[in-house]
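[1] need a structure here:
(one chain, ligands or ions: 1)
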Amino acid sequence: MYYHRLGSIPPKRHTQFRQPDGTLYKEELVTSEGFSGIYSTLYHINPPTRIKKIKEPIRFAPTKTEPYNLRHCHLNTSAVTSTGTDYLSARKVLMMNNDCSISICSPSARKMDYFYKNAEGDEVLFVHDGKGVLISPFGRLEFRQGDYVVIPRTVIYKLEFEEGPLRLLIIESASPVETVKRYRSQLGQLLEHSPYCERDIRPPADLIAERGEGDFLIQIKKEGYLHQYVYDYSPLDLIGWDGFLWPYAFSIHDFEPITGRIHQPPPVHQTFQGHNFVICSFVPRLFDYHPKAVPAPYNHSNIDSDEVLYYAEGNFMSRKGIARGSFTLHPGGLPHGPHPGTVEKSLGAKETHELAVMIDTFRPLHLTKDAEGFEDKDYPMSWTENNGSFNEVNAP
Ligand SMILES: [Fe+2]
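    The predicted structure is shown next:
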């Protein structure tokens, strides 16, 4: 991330900064990884600590399926148009481990009448379908189809969606979600060989600076519960902020693919990193241009990772059973690869129009009860069938 500022801030931090009525603005330092990570300094009109009421917490945790069952999985969520009414109740975790979880979310309600704060995880929302705005103390952040919206933990927010199809892929991370370390200079700037740079990262704009007094409910996610905190002033009361910690949007369409004469490995698609997992973007690109290149991926034994692909757009519909909104999970411990006949069919292909998000985890992923209804039970045996189609998603 990079330094950004919005609104009014005093020339020097931790100094007197007064409102028009002569009272002080209330400074809040938001830090990560103790005082060793990125941070921002926020200036509130009212103290951010004024709790009016604490209500009973609500249980909010997925259930893992037991026992763990080693198998290739295909979860087909293509038919889903709504996973619930509200943004939180509609979040359905499908796969999880202690480092991250992967959810789908298609709420039917387009506005939230409360605020939400994830106090234990960063969130990445991939907007597969939909358009709207994330409203937070940092300002308004508009998002649209194809955006990754990255929300650091403890950012209080609400979402407003426009009418129309709405489908979010949500990755929640126990560790900070960061840009890829090898693409950053020693001082943090994205380097020339990075597939995207700071210009592609969209910060919030238009502070709300809401002064009103009332009942402002913030549902705070921590340790398997939504804790119900009512504050007497709006959390959107910032007059200014600066720092490196803020929610941002980055469009998958701004990811510049890295291609080569022969098949490029998945790390060229890497977009974000967390502890023990990565997020990759497969975007439209030219295929390998060696005269004898094999565009289809090779068989692959991923001995240290579980590989999840979420199929967003492209010709993968020609592959048996895979649809727009499908997930595949190829766990470490089993080789996976192209379906029968697909390698020959791929020869001579010049380009791909695929769009897919991959999450590779370095610890095993467990399916949840919510995933059970989406599972294609025939998938583990699908390499034995002679279906002969070419899986355009070119991930090994
Ligand atoms: Fe693989």
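[2] contacts and neighbour counts: CA atoms only from here.
    Will do.
[3] tell me the spacing between the spatially most central residue of the chain and residue 191.
    Nearest residue to the geometric centre of the chain (C-alpha atoms, centre = their mean): residue 124, 2.1 Å. Note on residue 124: its distance to residue 191, by C-alpha to C-alpha, to the nearest Å, is 23 Å.
[4] can you check residue 87 too?
    Separation of residue 87 from residue 191 (C-alpha to C-alpha): 36 Å.
[5] repeat for residue 354
    26 Å.
[6] between those two, tell me which one has more neighbours.
    Counted by other C-alpha atoms under 10 Å, residue 354 and residue 191 do not tie: residue 354 has more neighbours, with 20 against 15.
[7] helices of the stretch 101-250 of the chain, start to end?
    Ranges of helices in the stretch 101-250 of the chain, per DSSP state H, counting those that start in this stretch: none exist.
[8] do the stretch 251-396 of the chain as well
    342-346, 369-372.
[9] let's have those in TSV, adding mean neighbour count and mean pLDDT.
    Formatted as TSV, the helices of the stretch 251-396 of the chain follow (neighbours: other C-alpha atoms under 10 Å; pLDDT from 0 to 100):
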stretch	mean neighbour count	mean pLDDT
helix 342-346	18	86
helix 369-372	17	96
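[10] for the ones you listed, which one sits closest to residue 333?
    Nearest to residue 333, of all the helices of the stretch 251-396 of the chain, is helix 369-372, at 21.1 Å by C-alpha to C-alpha.
[11] so residue 57 makes contact with residue 223?
    No - the pair residue 57 / residue 223 is not scored as a contact, 10.8 Å apart, by C-alpha atoms under 8 Å.
[12] before we move on, back to that, and the closest residue to the residue nearest to the centre of the chain other than its chain neighbours, how many neighbours?
    Leaving aside its chain neighbours, residue 124 sits nearest to residue 150 (4.5 Å; criterion: C-alpha to C-alpha, 6 or more residues apart in numbering). Neighbour count of residue 150, defined by other C-alpha under 10 Å: 22.
[13] what's across from residue 150 in the sheet?
    Beta-bridge partners of residue 150, counted by DSSP bridges, are residue 124, residue 248.
[14] and it, how far from residue 268?
    Distance, residue 150 to residue 268, using C-alpha to C-alpha: 20 Å.
[15] same question for residue 225.
    According to C-alpha to C-alpha, residue 225 stands 37 Å off from residue 268.
[16] pLDDT weak spots in this protein?
    Filtered on pLDDT under 70, the chain yields the residue ranges 316-320, 385-396.
[17] next up, the contacts around residue 369.
    Each residue near residue 369 by C-alpha atoms under 8 Å, 6 or more residues apart in numbering is listed here: 62, 63, 64, 65, 94.
[18] apply 7 Å and report the result again.
    Residue 369 makes contact with 63, 64, 65, according to C-alpha atoms under 7 Å, 6 or more residues apart in numbering.
[19] who's in contact with the residue nearest to residue 71 when sequence neighbours are not counted?
    Excluding the flanking residues, the one nearest residue 71 by C-alpha to C-alpha, 6+ apart is residue 380, at 6.4 Å. Counting by C-alpha under 7 Å, 6+ apart, residue 380 touches 71, 72, 73.
[20] hmm, back to that, with neighbour numbers in mind, choose between residue 57 and residue 223.
    Taking neighbours as other C-alpha under 10 Å, residue 57 and residue 223 compare with residue 57 leading, 16 against 12.
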